[in-house]
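*Asks:* Turn this into a structure:
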Amino acid sequence: MYVRIVGGERRGYPLKAPPGRRTRPTSDIVREALFSIILPVVQGSVFYDVFAGSGAVGIEALSRGAERVVFVEESPASCRIINMNLRNTGYLEKSLVLQKDVFALGRLRDLPRADIVFMDPPYDSDLAQRVLQALPAIDALGKAGMVIVEHPRRIPSPESAGPFLLGRRKYYGDTALAIYYRQEE
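*Replies:* Numbering: from 1, shown residues only. This next block holds a predicted model:
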């Protein structure tokens, strides 16, 4: 599958994607739309790409000025692809690839605190809702100012999850982006 960086300093750079149908890289159109919405807060941020797959969204964040990206992915094959893409783009030094279940992050210390969390869980699961509910207990993620969930359009996104309130929904064909903002405490 052909995946490329759609904007920023590495615009047009090709990326590898894991073979097979299990990984569904975020489309160019959705990534372009996502970054047109969040670009002002991406620059200089700590960005988490959860259920990272090929790492395309996190690498896009680096290309557009993120200071650091943490990729969270369970699959060893996908982690190898992410590392290869990071080496090829020159972003390895600004990245951390964790071959972990996202729920295991709550047991890890010394992770950089997220400013932005992007999640693209498998479409046929309830992982997005479960992770949203668990975010406050995951030290590195729970204080993020923004959480974005990519999900199928047919499955509604909740209005709130812990300290996060749904700010907007955007639809791109069968894909939806739900953008949550941390409410002031």
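*Asks:* low-scoring pLDDT stretches of this structure, where are they?
*Replies:* 1, 20-24, 184-185 (pLDDT under 70).
*Asks:* Show me where it has its strands.
*Replies:* Using DSSP state E, the strands found in the chain span residues 3-4, 14-15, 46-50, 68-72, 95-98, 116-119, 146-152, 160-161, 164-172, 175-182.
*Asks:* packing partners for the second one?
*Replies:* Here strand 14-15 is seen to pack against strand 3-4, helix 76-89 when contacts are counted using 3 or more C-beta pairs under 8 Å, 6 or more residues apart in numbering; DSSP states H and E. Backbone N, C-alpha and C define where each C-beta goes, glycine included.
*Asks:* For it, which outside residues touch it?
*Replies:* Applying C-beta atoms under 8 Å, 6 or more residues apart in numbering, the external contacts of strand 14-15 come out as Y2, V3, R4, I5, S54, G55, A56, I59, N85, N88, T89.
*Asks:* Return the closest of these with respect to V70.
*Replies:* Set against V70, the nearest of those by C-beta to C-beta is G55 (10.8 Å).
*Asks:* And for the spatially closest residue to the closest one that is not a sequence neighbour, the neighbour number?
*Replies:* Leaving aside its chain neighbours, G55 sits nearest to I82 (3.7 Å; criterion: C-beta to C-beta, 6 or more residues apart in numbering). Counted by other C-beta atoms under 10 Å, the residues lying close to I82 total 28.
*Asks:* Any chance of CSV for the helices and strands packed on strand 14-15, columns distance to L132?
*Replies:* Output for the helices and strands packed on strand 14-15, formatted as CSV (distance: least, C-beta to C-beta, whole Å):
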stretch, distance to L132
strand 3-4, 26
helix 76-89, 22
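*Asks:* For F47, find the nearest of those.
*Replies:* Among the helices and strands packed on strand 14-15, if distance is taken as C-beta to C-beta, the winner is helix 76-89, at 13.4 Å.
*Asks:* who does the closest one touch, helix- and strand-wise?
*Replies:* strand 14-15, helix 56-63, strand 95-98.
*Asks:* Tell me which of the ones you listed sits nearest to L111.
*Replies:* Across these, closest to L111 is strand 95-98 (C-beta to C-beta), at 7.8 Å.
*Asks:* of all the helices and strands packed on helix 76-89, which gets the most neighbours per residue?
*Replies:* Among those, ranked by average contacts under mean count of other C-beta atoms under 10 Å, first place goes to helix 56-63 (a mean of 27).
*Asks:* contacts for that helix?
*Replies:* 3, 5-11, 13, 15, 17, 25-26, 31, 34-35, 42, 45, 47-49, 52, 66, 69-71, 82, 85-86, 89, 91, 94-95, 116, 118, 120.
*Asks:* How about stretch 30-44?
*Replies:* So stretch 30-44 is contacted by 6-7, 26, 56-57, 60-61, 64-67, 115-116, 118, 145-146, 148, 150, 168, 170, 172, 175, 177, 179 (C-beta under 8 Å, 6+ apart).
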